[in-house]
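Visitor: pasting the structure only:
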C-alpha cells in the first residue's frame, strides 16, 4: 500500500489506487514495513534476483534481517486445487471467463516454464510447480496492472 | 429476609487462572523469540514453522486470545457469581467453555505454525476454527446471561454492563469479518475484496482491541480495583456516561488504520470518532484512579494495587496516544513503523498484562484460602515488569520515529537519501534493547508463576465456596426516587439489545455505503484477474 507521499512515490512508484485491489480476496496491504513495500515490486528485479533473495537474502543485501526460505525450492504447489480456486474466485465475483477453471493449469504450466527457462539462463535449477516459481510469478505481477498507464513518477531508488 | 446457602464455583475460576498464566508465558516466549529474530534472523534456523512470518501471528493470537482471553473468563467467572449472588448457570457449560477454548488455542497454534492462514491480521485462523470460536462464544454468552437472569440482586453492576457489551459486540465482529469461502479444510477466501475487505478487517481489527482488550478489562477493573482498594468506585454517573460513550465511539475506530490508503476519503474521515475517544477512555481511567482517593497509602504497601495503578495509568497513556495517532499528520509519520508496535505494547504489557497480574495475585490466595507465598517476589515482579515495559517501549518509539524520518529524507538534489536497508540496519540496536525489555517482562511473569505455584501448595482449593444469598429477589421499596439509568440496570436482556443497537449504528453507517456505492471504488480497465 503506497501512500500518496513524495518519498513513497519516489521509493516505490505510483501510489496505490482503490481499483487495483477489486479482485483481492483478501486484501494484502500490510500494516507494518519491516521490509520495503512490495505493492509495486513486479518487474523491478529479474526472476533470478528473487530466487537468490528468497534462498538467502543476506547474499544480496548484507545486513538484511529477512529470514531464508530454502524450502521454497523443494516444496511444490498442489495444482489439483487450481480449478477449485478459480471457481471460488468466480463465485466471489472475479470475472474469469467461463471455463477458465479448466484452462488455468495449462496457463500455469506455460507461465511456470517461462520462469524456469529464465532462471536457467542464470544457471538456477527449478521446476515449474515449485513454490519458488509460484512465488516469483506472484511477485512479478504485483502492482504491474497500471504500470504502463501511470504518469511518469519521480526517480526511484530501492 | 429469608436466606439460603449456595456455592460459588471456584474450580472453573482456578482453571481459567492457570490457563491464563500458562498461555501468558507461552505467548510472551513466542514474542521474545520473534523479537530476537529481528536482531538475529538466523534464529529461524531456516525452518518454515519458526520463521518470523509464522511466529508473529502465533504471538498475537496467543497473547490476545489465549492469555487475555482466559484472563477475561477468569475474572468474569469470579466476579459474575458474586455480583449476581448466584452460582454459574451450568457447570457443564462452564466446562465446555473452558475445554473448548483451550482446544481452540491448541488448534490455532498448530495450524498457524503449519502455515495455514486467512491472511487477515488478528483473524488469521481458518474457517473450521472460526466456527468453533463462534460455538464456544455462544456457550459462554448463554452461561453468562442465564447466570445474570437468575441473580439474587436487582441491579446489575457496571462491570456486568461491560461484560454484556463485550459479548454481543465480539460476536458481531467475529461473524461479520469471518465471512469466507472455503475450498479445502484449511483454505478459504475472504468474502470481501480490496477496499471493502480492508474496511471490514480493520473495523474488526481495531475492535478486537476495543472489545477484547479494553471493555472486558474495564469490567474487571470496575470489580477488582474497588475490591483490592476496599473503596467504592469513584463515580456512578461517570461510569454511565463513560460506558455508553465508549462503546458507541469505539466501533467507528477502524479507518484510523487506513489513513492515506486507497480507502475513500469520506470513510477515512470517521477518524474523528477515534479522536473523540479520548473522552470516554479517560473517563474510565479517572474512575479507576480516583477510586483510590484516600487509599494511596495502601498502594505503597500492597503489590496488587501497584500492579493495578500501573495498569490503569498505562491504559490512560495508550488511550491518549491512540487519538493522537489518529490525527492524519501524526499518522503519516507513525504508520508502518515500530511506533505502532510500541503503542500496542504499552496497552498490552501495561494495561492487560499488569491488570491480569494484579487480579491473579488478589484472587489466587482467596480461592485457595491462604496468603500469597511471597510479597517480596510480588514486588520483584512488579519492578522488573515495569522496567521491562520501559525497556520495550522507549527503544521502539525511538526506532519508529527514526526510521520514518529516514524514509522521508531527501538529498539536496531531490533524491531519496537512504536505501530501505539502511533504515533497517540503523535501528537493529533498538530491536536488541526491545528484546531485552521483553526478556525482563517475561522474567517477571515467570517469577509470578513460581510464586503462584508455591502459594497453591500451601493452600487448598475452596472448590465450592459457601455464600448466603436471599431465597428470592428482595422486594423493592416503592416510591423512592432512583436514577433513571437504574431502569436498564435491572434488565440484562434490554441491556444486551441496547448495546447491540449502539454498536450496530457505527458498524452499519461505516460499512454499508462502501458496499453499495459503486463510485467509491472506481474500477480500472487495465486491472485484470490474476492469470498467466
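Guide: That came through fine. All values derive from a computational prediction rather than experimental measurement.
Visitor: CA only for contacts and neighbour counts going forward, please
Guide: Will do.
Visitor: not counting sequence-adjacent ones, nearest residue to residue B:403?
Guide: Distances taken as Cα to Cα, 6 or more residues apart in numbering or on different chains place residue B:423 nearest to residue B:403, at 5.5 Å, with adjacent residues excluded.
Visitor: next: residue B:63.
Guide: Distance criterion Cα to Cα, 6+ apart; nearest residue to residue B:63, sequence neighbours excluded, is residue B:27 at 5.0 Å.
Visitor: and what of residue A:144?
Guide: Of all residues not flanking residue A:144 in the chain, residue A:42 sits nearest, at 5.8 Å (Cα to Cα, 6+ apart).
Visitor: neighbours of the one you found, how many?
Guide: The tally of other residues near residue A:42 (other Cα atoms under 10 Å in any protein chain shown) stands at 19.
Visitor: wait, it touches residue A:141, no?
Guide: Yes - counting by Cα atoms under 8 Å, residue A:141 is a contact partner of residue A:42 at 4.9 Å.
Visitor: helices of chain A, residue ranges please.
Guide: Ranges of helices within chain A are A:6-12, A:47-55, A:57-60, A:82-91, A:100-121, A:131-141, based on DSSP state H.
Visitor: and the ones you listed as a markdown table, adding mean pLDDT and distance to residue B:465?
Guide: Formatted as a markdown table, the helices of chain A follow (pLDDT from 0 to 100; distance: least, Cα to Cα, whole Å):
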| stretch | mean pLDDT | distance to residue B:465 |
| --- | --- | --- |
| helix A:6-12 | 97 | 62 |
| helix A:47-55 | 98 | 59 |
| helix A:57-60 | 95 | 60 |
| helix A:82-91 | 97 | 54 |
| helix A:100-121 | 96 | 63 |
| helix A:131-141 | 97 | 58 |
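Visitor: dump these into TSV; add mean neighbour count and distance to chain B as well.
Guide: Converted to TSV, these look like this (neighbours: other Cα atoms under 10 Å in any protein chain shown; distance: least, Cα to the nearest Cα, whole Å):
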stretch	mean neighbour count	distance to chain B
helix A:6-12	21	5
helix A:47-55	20	9
helix A:57-60	16	10
helix A:82-91	18	7
helix A:100-121	17	6
helix A:131-141	20	8
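Visitor: of all these, which one is nearest residue B:177?
Guide: helix A:82-91 (18.0 Å; Cα to Cα).
Visitor: find the residue at the geometric middle of chain A.
Guide: Residue closest to the mean C-alpha point of chain A, counted by Cα atoms, centre = their mean, is residue A:139 at 1.4 Å.
Visitor: quick check: that residue touching residue A:42?
Guide: Yes - contact status for residue A:139 versus residue A:42: in contact at 5.5 Å, counting by Cα under 8 Å.
Visitor: returning to that earlier point: tell me which helix or strand the residue nearest to residue B:63 sits in.
Guide: Applying DSSP states H and E as the criterion places residue B:27 in helix B:11-37.
Visitor: which is the next helix or strand following that helix?
Guide: Next in sequence after helix B:11-37, counting helices and strands by DSSP H and E, comes helix B:52-61.
Visitor: okay, the angle between that next one and helix B:11-37?
Guide: Helix B:52-61 runs at 150 degrees relative to helix B:11-37, counting by axes from the mean of the first three to the mean of the last three Cα atoms, to 10 degrees.
Visitor: tell me the helix or strand right after helix B:52-61.
Guide: Remark: after helix B:52-61, the chain's next helix or strand is helix B:69-84, criterion DSSP H and E.
Visitor: and residue B:82, how far from residue B:391?
Guide: Going from residue B:82 to residue B:391 by Cα to Cα, to the nearest Å gives 39 Å.
Visitor: so for those two, which sits in the more crowded spot?
Guide: residue B:391 (21 against 17).
Visitor: that one belongs to a helix?
Guide: Yes - the assignment for residue B:391 (DSSP: H, G, I helix; E, B strand; the rest coil) places it in a helix.
Visitor: pretty sure it contacts residue B:431?
Guide: No - counting by Cα under 8 Å, residue B:391 stays clear of residue B:431, with 10.4 Å between them.
Visitor: can you tell me how far residue B:315 sits from chain A?
Guide: Going from residue B:315 to chain A by Cα to the nearest Cα, to the nearest Å gives 23 Å.
Visitor: please read the previous query as pertaining to residue B:420.
Guide: Residue B:420 sits 6 Å away from chain A, going by Cα to the nearest Cα.
Visitor: my read: that residue touches residue B:407, true?
Guide: Yes - shown here, residue B:420 and residue B:407 form a contact pair, counting by Cα under 8 Å, at 7.2 Å.
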